[in-house]
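[1] Sequence first, predicted model second:
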Amino acid sequence: MEDKIQLLKEKLHEIDDINSAVSLLSWDQSTYMPSGGAPARGRQMATLSKIAHEKFTSAEIGNLLDSLQSFSEENDSDDAVLVRVTTKDFEKATKIPAQFLADFNVHISQSHQAWMEARPNNDFAKVAPFLEKTIDFSRQLASFWEHDHIADPLIDMADEGMKAESIQKIFGELRAELVPLVKAISEKEKTDDSVLKKHYPEQTQLDFGLKVIKEYGYDFVRGRQDKTHHPFMTKFSIGDVRITTRTKENDLSEALFSTLHESGHAMYEQGINASFEGSPLAGGTSAGVHESQSRLWENLVGRSRGFWSHFYPQLQDTFSEQLNGVSADEFYRAINKVEPSLIRTDADEVTYNLHVMIRFDLELALLEGKLSVKDLPEAWHARYQSDLGVQAPSDVDGVLQDIHWYAGSVGGSFQGYTLGNIMSALFFDEAVKAHSEIPSQIASGEFETLHGWLKENIYQHGRKYTADELIEKVTGGPLTITPYINYLKTKYGDLYSLS
Ligand code: ZN
């Protein structure tokens, strides 16, 4: 048995090496590659991905997993869990016919290209035929698994164990709390956040963000930050987890909060048990849990009053001209301004989830065949009007704004953002229950206790537990919105003097 486990680990490590090389090529493509490299880079990544897929779905891996089944069922060791998780991944990977995957990938790269051309020209008609085909592909992809709802297998790929029905239930509860909260806030005086829109030189912004995440505990010996168009985190090994950011010299919040956000994703990956290296256990366990870690450091810590009571004097020193005469309280209000808006990625903490829910509902309607692609732009505008009270002047700020439906399947790609928000408060609450000194430590710029708790309870486990198992293990119960709603109501009730 030992020999077989060892052999399985070696084979999986080889596959991980290939996939990590793909990630490195992709990181380079988004950071330093000259544009002339694009055609060859696409091909290089496709070639390596194909080799990795063939190796993983090979009879050799299948036989090894088969011979280890009884071991995995009787045993709760890390090795047994590795066999169980790898078997699940193997079944997923082998259920999708190779030809389907090849056709889907070709289609997606064409669709992505069409979107990049259509978006600046506000030309939804150009991408509509691609999107119709993507919906067909997505339905077909889902049909490889048994399901209650056609979206379930697609949701399961990102957030294992979740279903359309369970998400609709939790989103329904959240929505019932958020809509009145947004309404109450919009009846109050608008926050002035013009202080954030002054001129802030790029390098100084970058330096400040790096200083903060160093104090958070992001390990620069095992990471670095570079510039890109759309910020992301990527990992080549537990010893090399990188983040990217983008700056706007007329918007202080852009780079700063994206850096705090991505550092949360990265600390999760840096904190995984080193013995999982190179195996399927060495990753975040779900889209929702991953997002909970980024949101925790970005929002619950990075947009808190305590955090800024420590960092604001330093920020004010750094940007003495821009922040001259601006109090810590005014600054805190500016970075927590709530205002219904058109763009999801720019949305504040309170309205953000309404953007996600709109997309989630539209995805379900598209997959169910209840909404046709030609009616999608209007359906989008109608929901923004009814849910947020805003009207996009065009589809650029409407249905064309997010890359997701044009560069991947329709279904399963948005719910993780809101699940992450809900879980961020759930986990933070548990950390504070275990260590009541955490809030006062944050207010003195000390993050070791919080980081240590997260490492112990979340990070180290990688994919050893599913999201549901992890939540149960950490909180003793199932996923609930209560801590998140309490967090929002307390924070914004105070900010906007709500009764
Ligand atoms: Zn994120």
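    Cool, got the structure.
[2] now stretch 208-221: mean pLDDT?
    For stretch 208-221, mean pLDDT rounds to 98.
[3] Alpha carbons of that stretch, in PDB - could you do that?
    C-alpha atoms of stretch 208-221 as PDB (Å, rounded to 0.1, in the frame of the first residue of the first chain):
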ATOM      1  CA  PHE A 208       2.100  51.700   1.000                       C
ATOM      2  CA  GLY A 209       0.100  48.600   0.000                       C
ATOM      3  CA  LEU A 210       3.200  46.400   0.100                       C
ATOM      4  CA  LYS A 211       4.000  47.700   3.600                       C
ATOM      5  CA  VAL A 212       0.500  46.800   4.900                       C
ATOM      6  CA  ILE A 213       0.500  43.200   3.500                       C
ATOM      7  CA  LYS A 214       3.900  42.600   4.900                       C
ATOM      8  CA  GLU A 215       2.500  43.400   8.300                       C
ATOM      9  CA  TYR A 216      -0.500  41.200   7.500                       C
ATOM     10  CA  GLY A 217       2.000  38.300   7.200                       C
ATOM     11  CA  TYR A 218       2.100  37.800   3.400                       C
ATOM     12  CA  ASP A 219       5.600  36.200   3.000                       C
ATOM     13  CA  PHE A 220       7.700  38.000   0.300                       C
ATOM     14  CA  VAL A 221      10.300  35.300   0.400                       C
END
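[4] and whatever helix or strand L315 lives in, what does it pack onto?
    Assigned by DSSP states H and E, L315 belongs to helix 305-318. Helix 305-318 sits against helix 202-216, helix 328-335, helix 438-442, with contacts defined as 3 or more CB pairs under 8 Å, 6 or more residues apart in numbering; DSSP states H and E. All C-beta atoms are positioned from the backbone trio N, CA, C, and that covers glycine.
[5] Show me how far it is from its chain's centre.
    Distance of helix 305-318 from the chain centroid (CA atoms, centre = their mean, to the nearest Å) equals 27 Å.
[6] Over that helix, what's the mean pLDDT, rounded is fine.
    Mean per-residue pLDDT for helix 305-318: 98.
[7] Any buried residues in it, and which?
    Neighbour-count burial for helix 305-318, counted by 16 or more other CB atoms under 10 Å, picks out R305, G306, F307, W308, S309, H310, F311, Y312, L315, Q316, T318.
[8] can you count the residues close to M267?
    M267: 28 surrounding residues under other CB atoms under 10 Å.
[9] Find me whatever residue is spatially closest to it, sequence neighbours aside.
    Nearest non-adjacent residue to M267, counting by CB to CB, 6 or more residues apart in numbering: Y218, 5.6 Å away.
[10] Test my guess that that neighbour contacts A266.
    Yes - with contacts counted by CB atoms under 8 Å, Y218 reaches A266, the gap being 5.9 Å.
[11] what touches both of those two?
    Residues touching both Y218 and A266 (CB atoms under 8 Å, 6 or more residues apart in numbering) are I243.
[12] gap between the residue nearest to E202 when sequence neighbours are not counted and Q29?
    Computed as CB to CB, 6+ apart, the closest residue to E202 that is not its neighbour in sequence is T247, at 4.7 Å. Remark: distance between T247 and Q29 (CB to CB, to the nearest Å) = 20 Å.
[13] now do P201
    Distance of P201 to Q29, computed by CB to CB: 28 Å.
[14] With neighbour numbers in mind, choose between these two.
    Taking other CB under 10 Å, P201 and Q29 do not tie; Q29 has more neighbours (17 against 12).
[15] residues in contact with the more buried one?
    For Q29, the contact set (CB under 8 Å, 6+ apart) comprises G37, A38, R41, M45.
[16] any idea of the pLDDT on it?
    On the pLDDT scale, Q29 gets 92.
[17] before we move on, what about the one 3 residues further on?
    At Y32, the pLDDT value in this model is 96.
[18] Which helix or which strand is home to the closest residue to it other than its chain neighbours?
    Closest residue to Y32 apart from its sequence neighbours, by CB to CB, 6+ apart: D226 at 7.5 Å. Counting by DSSP H and E, the element that carries D226 is strand 225-227.
[19] other SSEs contacting that strand?
    helix 202-216, strand 240-245.
[20] Name the residues that touch stretch 42-55?
    Contacts for stretch 42-55 (CB under 8 Å, 6+ apart): 11, 14-15, 18-19, 21-22, 25-26, 29, 61, 93, 98, 101, 105, 109.
[21] swap the cut-off to 7 Å and go again
    For stretch 42-55, contacts defined as CB atoms under 7 Å, 6 or more residues apart in numbering pick out E14, I15, I18, N19, A21, V22, L25, S26, A93, S109.
[22] quick one: what helix or strand has H355 in it?
    Assigned by DSSP H and E, H355 falls within helix 352-368.
[23] which helices and strands does that helix pack with?
    Helix 352-368 sits against helix 124-142, helix 164-186, helix 376-383, helix 415-434, with contacts defined as 3 or more CB pairs under 7 Å, 6 or more residues apart in numbering; DSSP states H and E.
[24] So which of those helices is the most surrounded?
    Among the helices and strands packed on helix 352-368, the stretch with the highest mean neighbour count (mean count of other CB atoms under 10 Å) is helix 415-434, at a mean of 23.
[25] ok so, going back, who touches the residue nearest to M267 in this structure?
    Shown in contact with Y218 (CB under 7 Å, 6+ apart): S263, A266, M267.
[26] Show the contacting residues for the last one.
    To tie it back to what came earlier, the one meant is M267. Residues near M267 by CB under 7 Å, 6+ apart: Y216, G217, Y218, H451, Y459.
[27] Looking at those residues, which one is closest to A151?
    Nearest to A151 among these, counting by CB to CB, is Y459 at 29.6 Å.
[28] What does the pLDDT read for the closest one?
    pLDDT for Y459: 98.
[29] so how far is P393 from it?
    Y459 sits 43 Å away from P393, taking CB to CB as the criterion.
[30] cool, and T259?
    Relative to P393, T259 is positioned 31 Å away (CB to CB).
[31] out of these two, which sits in the busier spot?
    The neighbour count for T259 versus P393, taken as other CB under 10 Å, is higher for T259 (29 against 9).
[32] Quick check: next helix or strand after the helix or strand encompassing that one?
    Assigned by DSSP H and E, T259 belongs to helix 252-270. Using DSSP H and E, the helix or strand that follows helix 252-270 in sequence is helix 287-295.
[33] Mind putting the contacts of Q29 into a markdown table with pLDDT and secondary structure?
    As requested, the contacts of Q29 are exported to a markdown table (pLDDT from 0 to 100; DSSP: H, G, I helix; E, B strand; the rest coil):
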| residue | pLDDT | secondary structure |
| --- | --- | --- |
| G37 | 92 | helix |
| A38 | 86 | helix |
| R41 | 90 | helix |
| M45 | 91 | helix |
